[in-house]
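Chemist: Sharing a model that was predicted from the sequence below.
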Amino acid sequence: MDDLQYILQPPSLPAILEQAAPLNFTMASEPKTGALLRVLAASKPAGRMLELGTGIGVGTAWLLSGMDAASTLVTVDTNFSFQSVAQRSLGADSRVTFVLEDAVDYLQRQLDAPGAHSSSGHPSVVYPTAGGFDLVFADALRGKFDGLDEALAVVKPGGFYIVDDLIPQPSWPEGHGEKIEPLITRLSVHPQLHIVPISWASGLVVAVRKS
């Protein structure tokens, strides 16, 4: 089956890629990853979504294309040049908020929000004030390899945690590959998660927090 034949890209995507061409950004989400993000976002009506690693906004565009009018998305990055491409193309959409901050610092602020509490220090945190997120897409190293517990902690029961870039890529930074197996192992044995590793696109794990 030629799966790409049936995947319709978000209308905003060509403009994003055109604007980003001079920046030589090489880590944008693949169409298959984007299509999965869109489907998962669409499964959460009035959902709260979090993207760790805006990049140029490719994953952002896919998430927005699946979200309903009542859903919201926070997307976090430390690189202003890359994120500004996404802001120019997608910033008029009132559902999305762009945050220029380290991903783990952002997650820690959610942990420190009034009303947040943990269960005996275990990364199974409930956020009655901050609310938690129905979907967390960890596209950056931070919130994936670093700050994993913090990222998982903000996922609501029944919510998704998605990571990609798990199959070797030419654009990987040094040391990336050796972190993959420990990451998948940690997710697979986490007592509050069901996971499915997917050898598709750049390689993904989709996890759902148990109710």
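Modeler: Received the coordinates, thanks.
Chemist: can you give me the helices for this structure?
Modeler: Ranges of helices within the chain are 13-20, 31-42, 58-66, 80-90, 103-111, 148-153, 180-189, based on DSSP state H.
Chemist: Columns mean pLDDT on top of the ones you listed, output as TSV?
Modeler: Shown next, in TSV, are these (pLDDT from 0 to 100):
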stretch	mean pLDDT
helix 13-20	88
helix 31-42	95
helix 58-66	97
helix 80-90	94
helix 103-111	93
helix 148-153	95
helix 180-189	94
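Chemist: Mean neighbour count, these: which tops it?
Modeler: Among the helices of the chain, helix 58-66 has the highest mean neighbour count (mean count of other Cβ atoms under 10 Å), at a mean of 26. For the C-beta atoms, the positions are set from N, CA and C on the backbone; glycine is no exception.
Chemist: tell me what that helix is packed against?
Modeler: Helices and strands touching helix 58-66, by 3 or more Cβ pairs under 8 Å, 6 or more residues apart in numbering; DSSP states H and E, are helix 13-20, helix 31-42, strand 48-52, strand 72-77, helix 80-90, strand 133-138.
Chemist: And these: which comes nearest P170?
Modeler: For these, proximity to P170 was assessed by Cβ to Cβ; helix 31-42 is nearest, at 16.7 Å.
Chemist: about what we covered before: dump the helices of the chain to a markdown table, plus distance to I198.
Modeler: Output for these, formatted as a markdown table (distance: least, Cβ to Cβ, whole Å):
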| stretch | distance to I198 |
| --- | --- |
| helix 13-20 | 22 |
| helix 31-42 | 8 |
| helix 58-66 | 16 |
| helix 80-90 | 25 |
| helix 103-111 | 22 |
| helix 148-153 | 18 |
| helix 180-189 | 11 |
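Chemist: excluding its backbone neighbours, what's nearest G143?
Modeler: Excluding its sequence neighbours, the residue lying closest to G143 (Cβ to Cβ, 6 or more residues apart in numbering) is L52, at 3.7 Å.
Chemist: Any idea which of the helices and strands packed on helix 58-66 gets closest to K210?
Modeler: Of all the helices and strands packed on helix 58-66, strand 133-138 sits nearest to K210, with 14.5 Å by Cβ to Cβ.
Chemist: So in that sheet, which strands flank that closest one, and in what orientation?
Modeler: When pairing is defined by DSSP bridges, strand 133-138 lines up against strand 48-52 (parallel), strand 155-163 (parallel).
Chemist: before we move on, the earlier item: which one of the helices of the chain lies closest to V136?
Modeler: Nearest to V136, of all those, is helix 148-153, at 5.8 Å by Cβ to Cβ.
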